[in-house]
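Asks: sequence and predicted structure are below.
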Amino acid sequence: MDWSVYFLALGVIAIIAGLAWLASVFLKDVSFVDSLWSPFFLVAAVVFALSLDNLGSRGVLVVALVAIWSLRLSIYITARNWGKGEDYRYQKIRADNNPGFWFKSLYIVFLLQGLLAWIISLALLPAVTAGGPLGVLDYLAVALWLVGFVFESVGDYQLARFKADPQNKGRVMDRGLWRYTRHPNYFGDFCIWWSFYLFALAAGGWWAIVSPVLMSLLLLKVSGVALLEKTIAERRPKYADYVARTNAFFPGLPKKLPDTVGAAS
């Protein structure tokens, strides 16, 4: 395994993060770092691929799947946030780190996210660069990736349509995939990153387990489910009913609650 290419990817990601930071200083808005999160992984995958004279079938497949996931998610987040100003999460970070946030944001926002993405991209290193024919684990990885992509993309689409209807203002989204899990998009991301680990495992990279484990912790305990649900109950009065009958993360049939009015009609 050529570890130098792994550190080369860190350098490229850091340069992109630095340039994005300069743009944020001019715009006075760091929110667009969210649109860079998934492309950081694509950058790493491309750097790994370009380090080879001949990219094997597994490498081609993994780079393609990373590209599809990365570009869809980045485009969705960019369209969702377009013209809305700095996200409230970053407004709070800005307020907590003034004076001097303009400089602090370089390392507490942009470089930090770039570093996390680089660490998580570890699973892509053996998945892209190790040779060998496709096997059972690779096909299982494709199946898991498809499940994840459906949950993430369809969940995002369903939520966007729900929010676009003015009649749903203040209501809780509990339809479609959201009927079975409160966070189908995060569950989808979870599946996708475990699928990339299966590709790594098929290539002999069992040691890349840190990649899906770290992503899972971020989704469940840090920037995903835990962060989102801190304040959502205050903004959605009927969210408690939704929580009581719907799994937080892993999909499952809704629980029947006696004498409870549905979260949305």
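Replies: Alright, I've got the coordinates. Fair warning: this is a prediction, and the values are worked out from it, not measured in the lab.
Asks: wait, residue 72 touches residue 150, no?
Replies: No - in this structure, residue 72 is not within contact of residue 150 by C-beta atoms under 8 Å, at 11.8 Å. For every residue, glycine as well, the C-beta is placed using N, CA and C.
Asks: all helices for this protein, in order.
Replies: 3-27, 33-50, 57-81, 88-96, 101-105, 111-120, 124-129, 136-164, 184-202, 210-217, 225-228, 232-235, 239-245 (DSSP state H).
Asks: elements contacting the third one?
Replies: Judged by 3 or more C-beta pairs under 8 Å, 6 or more residues apart in numbering; DSSP states H and E, helix 57-81 is in contact with helix 33-50, helix 124-129, helix 136-164, helix 184-202.
Asks: can you rerun that using 6 Å?
Replies: helix 33-50, helix 124-129 (3 or more C-beta pairs under 6 Å, 6 or more residues apart in numbering; DSSP states H and E).
Asks: that one - what's its average pLDDT?
Replies: In this model, helix 57-81 carries a mean pLDDT of 96.
Asks: do the same with the fifth one
Replies: Throughout helix 101-105, pLDDT has a mean value of 93.
Asks: would you mind pulling the contact partners of that helix?
Replies: By C-beta atoms under 6 Å, 6 or more residues apart in numbering, the surrounding residues in contact with helix 101-105 are 25, 30, 94, 97.
Asks: how about the third one, nearest residue that isn't a chain neighbour?
Replies: To tie it back to what came earlier, the one meant is residue 94. In space, and not counting its chain neighbours, residue 94 is closest to residue 101: 4.9 Å by C-beta to C-beta, 6 or more residues apart in numbering.
Asks: roughly how far apart are that neighbour and residue 210?
Replies: Noted for residue 101: a distance of 31 Å to residue 210, by C-beta to C-beta, to the nearest Å.
Asks: more neighbours: which of these two?
Replies: With neighbours defined as other C-beta atoms under 10 Å, residue 101 and residue 210 compare such that residue 101 has more, 19 against 13.
Asks: how much space separates the more buried one from residue 91?
Replies: 10 Å.
Asks: please identify the deepest-packed of the helices of the chain.
Replies: helix 124-129 (a mean of 28; mean count of other C-beta atoms under 10 Å).
Asks: that one packs against which elements?
Replies: By 3+ C-beta pairs under 6 Å, 6+ apart, helix 124-129 packs against helix 33-50, helix 57-81, helix 184-202.
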